[in-house]
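[1] Okay, predicted coordinates and the sequence, questions at the end:
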Amino acid sequence: MCFVAGLFSEICLLQVESMASTSNVTTLIFTGLFQDPAVQRVCFVAFLPVYLATVVGNGLIVLTVSMSKSLDSPMYFFLSYLSLVEISYSSTVAPKFITDLLAKIKTISLEGCLAQIFFFHFFGVAEILLLVVMAYDRYVAICKPLHYMNIISRQLCHFLVAGSWLGGFCHSVIQILVIIQLPFCGPNVIDHYFCDLQPLFKLACTDTFMEGVIVFANSGLFSVFSFLILVSSYIVILVNLRNHSAEGRHKALSTCASHITVVILFFGPAIFLYMRPSSTFTEDKLVAVFYTVITPMLNPIIYTLRNAEVKIAIRRLWSKKENSRKE
C-alpha cells in the first residue's frame, strides 16, 4: 500500500506540473448532493452512522478472520481482504462527503481531486477483481471439491489477492493519465459531491470525446465484462449443485446467495452510471451515494447474517474478550 501511495505521488506530481502549464484552476468547488442546508444536515445525521458502521462492520470481519482458527479457509481469506478493500474504498469518498454536508463552500484542491479519483478507482477495481476471485474459489469448491485444497493453495490465494491490487493500480493509472493534457481554465464548479472523471471532463476547456471513450472502455465495459463473468460462473455453480445432496446444496446456495447479492448491489449502480452518457440529474448522485456509501456497509451484514461460521466466530471472539476483561 505504501508503494502504491508513493508511486501515485510521483504520478500526481507529474500530472499537476503538466496541467499547470495549460490550466489556471487550482481549487475545485462541489455543488454537493442537495442545496438545501436543512436537507444537508439531515443527510449528515443519516450518513455518518452509515460510514461508522461500514468501518466497524468490515473491521470486525477482518479481525475475526485473522484471529479465528476456524476461519482459515481460502473463502474467508478472500472475505477479509474484501472487507479491507471496502473500508478503504468507502474512505476515499465518505469522510469528505460527510464533512462537506456541514460546510457552506465545499472545496477540494486539484491535487486532492486527482488523489480521490485515483484511489476511488483503485479500490473499486480491486473489489471487482476480488469478487471474481471469490467466484472462482466457490466454483472450485463446489465443482471440484476433491481437488480444492490442491488448486486453491495458500500461495495461489496470495497471488490472486496481489493480482487484484495490481489490476486496480493499472486501471487507476490509466484513469489519471487520461486527464494529463486536459486544460482547466474555469469554471471550477463540479456538479457532484466527489471527484470523478465525467464531472471533471465538463470543466475542461477542450473536447473530451476521446477521453470519454477511454473511460467508457476502462470503466463501463470492464464492469460489464466482469459482471458477465461472475454471472456465468454462478450459473455453472448452480447447474453443478444438482449433483449434490440436499444439505450440500443448502450450504452452497447460502454462500453463493451472499456473493450474488453483493455482486448485484455493487455492479448495478456502477454499470448504470458508467454505461450511459453523463448527466447532472440528482438521481445520478443518489445512485452514486448508494455504491460509494451504503453498499460497503451492507456487505458485512450480508456475509455475517447468512454465514453461521462467521457468526459463531464473532461470538467466540467477543466471549474471549469478555473473559479476559473479567480476569
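    It's in.
[2] Next, the buried residues of stretch 88-100.
    Counting neighbours by 16 or more other C-beta atoms under 10 Å, one finds that the buried residues in stretch 88-100 are 88-94, 96-98, 100. In this view, the C-beta of every residue, glycine as well, is placed from N, C-alpha and C.
[3] ok, and what's touching that stretch?
    30, 32-33, 44, 47-48, 50-51, 54-55, 106, 108, 116, 119-120, 123-124, 126-127, 193-194, 292-293, 296-297 (C-beta atoms under 8 Å, 6 or more residues apart in numbering).
[4] In the stretch 201-327 of the chain, mark out all the strands, start to finish.
    Using DSSP state E, counting those that start in this stretch, no strands are assigned anywhere in the stretch 201-327 of the chain.
[5] Low-confidence regions, it specifically.
    274-283, 305-306, 320-327 (pLDDT under 70).
[6] go again using 80 as the cut-off
    Counting by pLDDT under 80, the stretch 201-327 of the chain contains low-confidence residues at 220-221, 241-259, 268-284, 300, 303-309, 311, 314, 317-327.
[7] Helices of that one, residue ranges please.
    Along the stretch 201-327 of the chain, the stretches classed as helices by DSSP state H, counting those that start in this stretch are 209-215, 222-240, 246-274, 282-289, 295-305, 308-326.
[8] sorry, back to before: can you list the buried residues of stretch 88-100 in a markdown table and add pLDDT?
    What follows is the buried residues of stretch 88-100, written out as a markdown table (pLDDT from 0 to 100):
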| residue | pLDDT |
| --- | --- |
| 88 | 96 |
| 89 | 95 |
| 90 | 95 |
| 91 | 96 |
| 92 | 96 |
| 93 | 95 |
| 94 | 95 |
| 96 | 96 |
| 97 | 96 |
| 98 | 96 |
| 100 | 95 |
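[9] tell me which of the residues you listed is nearest to residue 142?
    residue 89 (27.9 Å; C-beta to C-beta).
[10] separation between the residue most central in space within the chain and residue 144?
    For the chain, the residue whose C-alpha lies nearest the mean C-alpha position (C-alpha atoms, centre = their mean) is residue 124; its distance is 3.5 Å. With distances defined as C-beta to C-beta, to the nearest Å, the gap from residue 124 to residue 144 amounts to 30 Å.
[11] Check residue 255 too.
    Here residue 255 is placed at a distance of 16 Å from residue 144 (C-beta to C-beta).
[12] dump the residue contacts of the nearest residue to residue 249 once chain neighbours are set aside.
    By the measure of C-beta to C-beta, 6 or more residues apart in numbering, the closest residue to residue 249 outside its immediate chain neighbours is residue 241, 5.0 Å from it. For residue 241, the residues meeting the contact criterion (C-beta under 8 Å, 6+ apart) are 142, 248-249, 252-253.
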